[in-house]
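# Next input, structure requested:
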Amino acid sequence: MTLSKSKLESEFSKVIDENDPNFVGWPSTILAGINNFATAYENYAKDAVDYSEDALLTYNKAGFIGALTGLNINSTYVDAATAMENAFKAFWTKATFAVLKLIPPPLPPPAPPPECPNVGGLLLFSKENTSIIFATDVGNILYTTLLPELQKVEASDMTNKIARLADIWHTATTTTIICLISGLDTTAPSPLPITNLCHIH
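Sure thing, here's the model as predicted:
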């Protein structure tokens, strides 16, 4: 599996759009609404894989929910965007992937892309030891792109609104969440450490 923007759009629609045939219903409390939103993102994020196609193993849904619990009817758009940025980072911080597959060798293709080179040893993964999120939205991209969207006052089609929100969250997830895979290269005379740093997808 890989991350799908259309799936995220569908998940958001279930908890936001009352005209969606799969709408879960309006929540009875703010916390219930936060839980619905967290579950929508979780259902999308569980399809994430690291560079070697390892599946997502652990993540922090509770942290995602916790970052949003301070929001209330008096919260500003800035408050909401800040809380969502914090929730996004909390979800992915120290998330791990199951180390079941090896990164392809440098040659012949398929090889790691130039922006995600293997580093160490003779550049050949013989074993993966860990795959863990190394960085989460260092440039606060989610906040930067989400705030203007939240501030828009318009009577536009809800479907288009949800599509734009899904695009913002998907783009932030696939461009700012960085995974570090660490392992060993045993092709050398003695095993040497090797790493790969790349976006999830």
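# can you pull out the helices in the protein?
5-16, 30-45, 61-68, 77-92, 141-151, 158-176 (DSSP state H).
# for those helices, which one sits closest to Pro193?
helix 77-92 (24.2 Å; CB to CB). C-beta coordinates here come from the backbone N, C-alpha and C atoms, glycine included.
# ok, residues contacting the closest one?
Applying CB atoms under 8 Å, 6 or more residues apart in numbering, the contact partners of helix 77-92 are 38, 41-42, 45, 59-61, 63-68, 70-71, 75, 133, 136-137, 140, 142-143, 146-147, 150-151, 169, 172-173, 177.
# now stretch 14-21
Residues from elsewhere that reach stretch 14-21 (CB under 8 Å, 6+ apart): 13, 22-24, 26, 33, 36-37, 39-40, 158-159, 162.
# could you dump the helices of the chain to TSV with mean neighbour count and distance to Asp185?
Formatted as TSV, the helices of the chain follow (neighbours: other CB atoms under 10 Å; distance: least, CB to CB, whole Å):
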stretch	mean neighbour count	distance to Asp185
helix 5-16	20	35
helix 30-45	18	31
helix 61-68	19	34
helix 77-92	20	28
helix 141-151	17	33
helix 158-176	18	28
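# Ok, which of these comes nearest Pro113?
Comparing these by CB to CB, helix 158-176 comes nearest, at 13.9 Å.
# what angle do that closest one and helix 5-16 make?
130 degrees (axes from the mean of the first three to the mean of the last three CA atoms, to 10 degrees).
# Report the backbone C-alpha coordinates of helix 158-176 in PDB.
Provided in PDB are the C-alpha atoms of helix 158-176 (Å, rounded to 0.1, in the frame of the first residue of the first chain):
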ATOM      1  CA  MET A 158     -18.100  21.200   0.300                       C
ATOM      2  CA  THR A 159     -16.600  18.500  -2.000                       C
ATOM      3  CA  ASN A 160     -14.100  21.000  -3.300                       C
ATOM      4  CA  LYS A 161     -13.300  22.300   0.200                       C
ATOM      5  CA  ILE A 162     -12.600  18.700   1.400                       C
ATOM      6  CA  ALA A 163     -10.500  18.000  -1.700                       C
ATOM      7  CA  ARG A 164      -8.300  21.000  -1.000                       C
ATOM      8  CA  LEU A 165      -7.900  20.000   2.700                       C
ATOM      9  CA  ALA A 166      -7.000  16.500   1.600                       C
ATOM     10  CA  ASP A 167      -4.400  17.900  -0.800                       C
ATOM     11  CA  ILE A 168      -2.800  20.000   1.900                       C
ATOM     12  CA  TRP A 169      -2.600  17.100   4.400                       C
ATOM     13  CA  HIS A 170      -1.400  14.600   1.800                       C
ATOM     14  CA  THR A 171       1.300  17.000   0.400                       C
ATOM     15  CA  ALA A 172       2.600  17.700   3.900                       C
ATOM     16  CA  THR A 173       2.700  14.000   4.700                       C
ATOM     17  CA  THR A 174       4.500  12.900   1.600                       C
ATOM     18  CA  THR A 175       7.000  15.800   1.400                       C
ATOM     19  CA  THR A 176       7.900  16.600   5.000                       C
END
